[in-house]
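> starting from these lines, generate the structure:
(chains A and B)
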Amino acid sequence: MTDESRRSNTRLRPGKALVAAKRTTQRKSAGLKPPKAGPLSLEAEETLNAIRAGQIDALVIQDAGSHKVYALRSFAEIQQTKVELRNAGTERKRTNAQLQALVQERERLFQDLHDGCIQSIYAVGLTLEAAMNLSDTQPGRVGAMLGESIASLNLVIQELRSFMTGHRRQMGAGQNLRSEVETAIRAARNRGLAFTVEIDPATLSSLTDEQSLQLLQIARECISNAARHSGARTGRVALHQNDGAVHFEVSDDGTGFVPAECKQVGFGLHHIDARARKIGGNARIISAPNQGTRIVVRIGKEAPPRRRPHT
Amino acid sequence: MEWHDPVLAAMARKAPGKTRPAKAVKYELCLYVAGETSRSAVALANLKRICEEHLDAGYRITVIDLLKNPKLARDHQILALPTLVRQIPAPFRKIIGDLSDTERVLVGLDIKPSVST
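Numbers count the residues shown, from 1 in each chain, chains lettered A, B, ... in the order given. Take a look at the predicted model:
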């Protein structure tokens, strides 16, 4: 900025100069001397000391026209208020965290009930339906299927009890991902859907309990969906390792669907995604009408960026 | 004592039978406060104690609540509350704060400490 422009800018601001001149005139007419900066008076100094010592309740502010007293809170009280506000903030954060934990717990229970108990009960229903169809032609098999259904219902009761006592769902005693998956596909077989299981033992042993449990729940959901909705005749459950990453896949040759449309309707696909993320992986749902369905979960070693499943 | 505020008057009311015999008032003290706060109560209690211990002569304490009578602040140019003003004997003297520092109050009021303390 040039000197000239600076001078012109100064001239363009008459407001402040006018106000100052007006004040000077007013003070002169009131017989007052202009204020001077200088050391504090003894009284002002004492007032400051008393404020610092926390002995002051209020300051008195007067003007020529009125005699109002403005009560100001002391520094100690302001400090106390700050502490209370901080405590209130901490309490609010704690409450939020508790609420968040409750929401997460509720979501987990919902997922476990949806993918666990409900799928088990549905599997029992499939078995009973198949038994009913076979009652005339193969009555000998019906007894075995009823026994299997009763055993499954007992497992469901155990599972529900674990919910009531707050225990997390775990693999059955002596069971692993393979055996539990085989139990799940047995019910589907009763409905005419034959799954093959290809699980690499080394990969299976490398999984944590949590990973095994989540993959099992994903498998149960996929198998149940295939049996209920797809009209598939064959399917496959596979677990193997490739390039340092674990691949888990459940596929069927059913009618397929448009994933984007189904995600809006049911909770199952959403749960598959959530479970995959919970164990550090991601899930891809690959399906299209009349082209079957593949659910692919990849865990570890920089899973490829998620793509929108093709439809 | 003379009270401008009935509540503060009640706070400092003396028990019956303990009234001080009438003496010539040599000290006229005015305590300005801002409502019934803990600091104003402390200031009044400190003032009473100091007067009883060090003022042998008659004295009178007036408590003025400026939240109720703000115009009274003008008389003594009060800046902060509580403030004690010695009106008599002249000249005016002011002490700002809760009067917890007895020595400062005695110096401020120009009172010679009694021998017993």
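
> the strands in the stretch 151-300 of chain A, which residues?
According to DSSP state E, counting those that start in this stretch, the stretch 151-300 of chain A carries its strands in the segments A:194-199, A:234-242, A:245-252, A:281-287, A:293-299.

> let's see the pLDDT reported for residue 34.
In the absence of a named chain, chain A is used. We have a pLDDT of 53 for A:P34.

> that answer is for a different chain, and I need it for chain B
As predicted, B:A34 sits at a pLDDT of 85.

> quick check: it vs A:G244, distance?
Relative to A:G244, B:A34 is positioned 74 Å away (C-beta to C-beta, to the nearest Å). Using the backbone N, CA and C atoms, a C-beta is placed for each residue, glycine as well.

> which of those two has more neighbours?
Neighbour count, other C-beta atoms under 10 Å in any protein chain shown: between B:A34 and A:G244, B:A34 has more, with 26 against 8.

> isn't the more buried one right up against B:V63?
No: contact criterion C-beta atoms under 8 Å: B:A34 and B:V63 do not qualify, at 11.5 Å.

> distance of A:S179 from chain B?
74 Å (C-beta to the nearest C-beta, to the nearest Å).

> close to chain A, is the lengthiest helix in chain B?
Longest helix in chain B, counting residues (DSSP state H): helix B:38-54. Yes: in terms of C-beta under 8 Å from any C-beta of the partner chain, part of helix B:38-54 sits within range of chain A, namely B:R39, B:S40.

> give me the sheet partners of the helix or strand that that helix is followed by and which way each runs.
Downstream of helix B:38-54, the first helix or strand assigned by DSSP states H and E is strand B:58-65. Each strand paired with strand B:58-65, and its direction, by DSSP bridges: strand B:2-3 (parallel), strand B:25-33 (parallel).

> the inter-axis angle of the last one versus helix B:38-54?
Interaxial angle of strand B:25-33 relative to helix B:38-54 (axes from the mean of the first three to the mean of the last three C-alpha atoms, to 10 degrees): 170 degrees.

> who's in contact with strand B:25-33?
A:57, B:5, B:8, B:39-40, B:43-44, B:47, B:51, B:55, B:57-66, B:72-73, B:76, B:78, B:81-89, B:109, B:111 (C-beta atoms under 8 Å, 6 or more residues apart in numbering or on different chains).

> among those, which ones are buried?
A:57, B:5, B:8, B:39-40, B:43-44, B:47, B:51, B:55, B:59, B:61-66, B:72-73, B:78, B:81-87, B:109, B:111 (16 or more other C-beta atoms under 10 Å in any protein chain shown).

> my read is that A:Q291 contacts A:F257, right?
No: contact between A:Q291 and A:F257 fails when scored by C-beta under 8 Å: they sit 9.7 Å apart.

> which one's more surrounded, those two?
Neighbour totals were compared for A:Q291 and A:F257, and A:F257 leads with 22 against 14 (other C-beta under 10 Å).

> quick check, that one in contact with A:P289.
Yes: with contact defined as C-beta under 8 Å, A:F257 reaches A:P289; the gap is 6.8 Å.

> show me where chain A has helices.
Secondary structure of chain A, counting by DSSP H: helices at A:3-11, A:14-29, A:42-52, A:75-112, A:118-134, A:139-164, A:177-189, A:201-206, A:209-225, A:259-265, A:268-278.

> so can I have a markdown table of those showing mean pLDDT, distance to A:F248 and mean neighbour count?
Below are the helices of chain A laid out as a markdown table (pLDDT from 0 to 100; distance: least, C-beta to C-beta, whole Å; neighbours: other C-beta atoms under 10 Å in any protein chain shown):
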| stretch | mean pLDDT | distance to A:F248 | mean neighbour count |
| --- | --- | --- | --- |
| helix A:3-11 | 44 | 72 | 9 |
| helix A:14-29 | 55 | 74 | 10 |
| helix A:42-52 | 84 | 69 | 15 |
| helix A:75-112 | 81 | 17 | 11 |
| helix A:118-134 | 84 | 17 | 18 |
| helix A:139-164 | 81 | 22 | 14 |
| helix A:177-189 | 84 | 9 | 20 |
| helix A:201-206 | 91 | 9 | 12 |
| helix A:209-225 | 87 | 5 | 23 |
| helix A:259-265 | 65 | 18 | 13 |
| helix A:268-278 | 82 | 9 | 19 |
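
> as TSV, those with distance to A:A232 would be great.
Putting the helices of chain A into TSV (distance: least, C-beta to C-beta, whole Å) gives the following:
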stretch	distance to A:A232
helix A:3-11	81
helix A:14-29	82
helix A:42-52	82
helix A:75-112	24
helix A:118-134	13
helix A:139-164	21
helix A:177-189	9
helix A:201-206	25
helix A:209-225	10
helix A:259-265	15
helix A:268-278	16
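
> for B:E103, find the nearest of these.
Distance to B:E103, taken as C-beta to C-beta, is lowest for helix A:42-52 among these, at 14.4 Å.

> for the closest one, packing partners?
Using 3 or more C-beta pairs under 8 Å, 6 or more residues apart in numbering or on different chains; DSSP states H and E, the elements in contact with helix A:42-52 are strand B:80-81, strand B:93-96.

> and the shortest one, is it in reach of chain A?
Yes: contact between strand B:80-81 and chain A is present through B:A80, B:L81 (criterion: C-beta under 8 Å from any C-beta).

> against A:F163, how distant is A:V156?
Relative to A:F163, and taking C-beta to C-beta, A:V156 is found at 11 Å.

> give the residues shared as contacts by the two.
By the contact definition C-beta under 8 Å, 6+ apart, A:V156 and A:F163 are jointly contacted by A:C117.

> what about B:N46, neighbour count?
For B:N46, using other C-beta under 10 Å, the count is 20.

> residue contacts, the closest residue to it other than its chain neighbours?
Nearest non-adjacent residue to B:N46, counting by C-beta to C-beta, 6 or more residues apart in numbering or on different chains: B:L99, 3.9 Å away. Shown in contact with B:L99 (C-beta under 8 Å, 6+ apart): B:V42, B:A43, B:N46, B:L47, B:I50, B:P82, B:L84, B:V105.

> reformat these as a markdown table; add pLDDT and distance to A:T81.
Below are those laid out as a markdown table (pLDDT from 0 to 100; distance: C-beta to C-beta, whole Å):
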| residue | pLDDT | distance to A:T81 |
| --- | --- | --- |
| B:V42 | 92 | 21 |
| B:A43 | 93 | 23 |
| B:N46 | 93 | 26 |
| B:L47 | 92 | 29 |
| B:I50 | 90 | 32 |
| B:P82 | 91 | 21 |
| B:L84 | 94 | 28 |
| B:V105 | 90 | 30 |
